[in-house]
Each structure stands twice: as C-alpha cells, then as structure tokens.
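# give me coordinates for this.
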Amino acid sequence: MSEHTAKQYDQDLEAIRSRMMQMGGLVESQIRDAMEGFLGGDAARIERVIAADAKVNELEVAIDDDLGHVIVRRQPAASDLRLILAVSKTVTDLERIGDEAAKIARMAREIHGAGKPADTRLATIHHLSDVAIGMLRKALDAFARLDAAAAARLIREDAAIDAEFGAIIRQLITFMMEDPRTISTSLNIVWVAKAFERIGDHAKNIAEQVIYVAKGRDVRHTPLAEVEREALGR
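Numbering: from 1, shown residues only. Alright, predicted model coming up:
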C-alpha cells in the first residue's frame, strides 16, 4: 500500500469513527429530550425525539454502508478489522438506544396526552436516567480514546443500574397494591424504567467492543473479574 493510499485509508476509518460519535451524540440528546418530555410533558420535545429516530436509523445504514466499502476496497488486517467490526456492532447498539428513547417519548405522550396530572412517581426514575446517560457518555468516551480500563470500569456500573431498576419495580408494586387507581401510570413508569435498564445494557456492550479493539479479546459473556484482568493487563 502506497503512503498516499495508507493515509487515505486512515482518513476513511477516522471519518467513519467520527460519524459514529456524531450518532452517539444524537442518541444522547434523544434520551435527554425523552426524559425531559416524560417528566415535564413538553409535547414539542416529545415529538422531536420520535422524529429523530428516523435520522438515527439513516445514520446506522449509512455507516454500515461505509464500513462495507472499506472492507471491499482495503481488505483490512487484524487491528483495523477489529475496529471496523466494533464500529458496526456499536452502531447497532446506538440505533437500539435510539429506539428506547423513542419508546420513552411515546410513553410520555400517552401519559401527558391523556391529561393525567403530574405524578411524583415520575421522578423515581430520574436518577436511573442519569446513570444510563452517564454510562452511554463514558462508553463513547472510552471508544474515542480506546481506553480499555475505562471500559472495564463502566461494565462494573451495569450491576448498579440493574439493582436500581429492581428497587424501582418493588416501589411501584407497592404503589399499585396500595391504590389500584395508580396501576395504569405505574405500568407506564415500569416500561420507561425498563428502557433505561436496556440503555445501560447497550452502553455495556459498547464498552465490551472497546476492550475487543484495544486488547484483541472478545469479553462478551465473560465474568467481570476476568474482564477487568484482561482490560488492565493483569
């Protein structure tokens, strides 16, 4: 490969990674807007989230198309091929996070569109949403720097979000048992909490791809202690 061709190849890979980060930023905005719409009932913001889902889907298709062209033209070896595979899988996770944000927005539209009064229970998932958004941001940052140690720390956080989700479910079950009139709204909140738990799962998947690129080891379905040993080179 000539120096010029090699430079162009590097630029192509960097452009694709940059588009993936752009997609990540769009998805993060989607989640934030969905949560604000859910808590405050801002109809314009809710509709903006739902409309943005089409843009996220377009980015997924476009990035995968670019990756396909790079594979055909360059026949990448080892580390570059790992990066290409990791970007493709990460883009899929980002698209699914976008789907969860749109789902939260639709729930917000249903709750507030029915003219239901503001409910203090809506705030019970505020912290859960902060944790999920924080995990996504850390996962993308780790990918930008190919920081395996940061990725391993994030994977550990997934257990915390699962525990918080369980606590919210127990609290909502108590509400429903005490007052059956709250069942409809409580079930909507359960679905939204589940969406944030899934967003945490997708962020964890992205972190696993970072370790795959940086260390050359697929750590999916691997015990946490082993993941940390691999990421930290112990």
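# drop to CA atoms for contacts and neighbour counts, all remaining ones
Fine.
# hey, where'd the helices end up in the chain?
3-40, 43-74, 78-113, 126-145, 148-178, 183-215, 224-232 (DSSP state H).
# and the third one, what does it pack against?
Under the contact criterion of 3 or more CA pairs under 8 Å, 6 or more residues apart in numbering; DSSP states H and E, helix 78-113 touches helix 3-40, helix 43-74, helix 183-215.
# so which bits of the last one are buried?
Residues 183, 185-186, 188-215 are the ones in helix 183-215 that count as buried (16 or more other CA atoms under 10 Å).
# reformat the helices of the chain as CSV; add mean pLDDT.
As requested, the helices of the chain are exported to CSV (pLDDT from 0 to 100):
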stretch, mean pLDDT
helix 3-40, 89
helix 43-74, 93
helix 78-113, 92
helix 126-145, 94
helix 148-178, 90
helix 183-215, 92
helix 224-232, 83
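# picking up where we left off before, as JSON lines, the helices and strands packed on helix 78-113 with distance to R153 would be great.
Formatted as JSON lines, the helices and strands packed on helix 78-113 follow (distance: least, CA to CA, whole Å):
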{"stretch": "helix 3-40", "distance to R153": "20"}
{"stretch": "helix 43-74", "distance to R153": "27"}
{"stretch": "helix 183-215", "distance to R153": "9"}
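# do you know which of those helices lies nearest A108?
helix 3-40 (4.4 Å; CA to CA).
# and the angle for that closest one with helix 78-113?
20 degrees (axes from the mean of the first three to the mean of the last three CA atoms, to 10 degrees).
# centre of the chain to helix 3-40, how far?
Centre-to-centre, helix 3-40 and its host chain are 12 Å apart (CA atoms, centre = their mean, to the nearest Å).
# which of the residues in that helix are buried?
9, 13, 16-17, 19-21, 23-24, 26-39.
# with stretch 225-234 instead?
227-228, 230-231.
# please save the CA atoms from it in CSV.
Only the C-alpha atoms of stretch 225-234 are listed here, as CSV (Å, rounded to 0.1, in the frame of the first residue of the first chain):
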residue,chain,number,x,y,z
ALA,A,225,-13.2,-10.2,37.3
GLU,A,226,-11.8,-11.7,34.1
VAL,A,227,-12.9,-8.7,32.0
GLU,A,228,-11.0,-6.4,34.4
ARG,A,229,-7.9,-8.6,34.3
GLU,A,230,-7.9,-8.5,30.5
ALA,A,231,-8.6,-4.7,30.3
LEU,A,232,-5.9,-3.9,32.9
GLY,A,233,-3.4,-6.3,31.5
ARG,A,234,-3.0,-8.2,34.8
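# distance between it and the chain's centre?
On CA atoms, centre = their mean, the centre of stretch 225-234 falls 23 Å from that of its chain.
# need the residues that contact it.
Residues from elsewhere that reach stretch 225-234, judged by CA atoms under 8 Å, 6 or more residues apart in numbering: 148-149, 151-153, 211, 215, 217, 219.
# which one of those residues is nearest A54?
A54 has its nearest neighbour among these in A151, at 28.8 Å by CA to CA.
# now do the contacts for K215.
Contacts for K215 (CA under 8 Å, 6+ apart) come out as 148, 230-231.
# same thing but at 10 Å, please
K215 makes contacts with 79, 82, 146-148, 209, 230-233, as judged by CA atoms under 10 Å, 6 or more residues apart in numbering.
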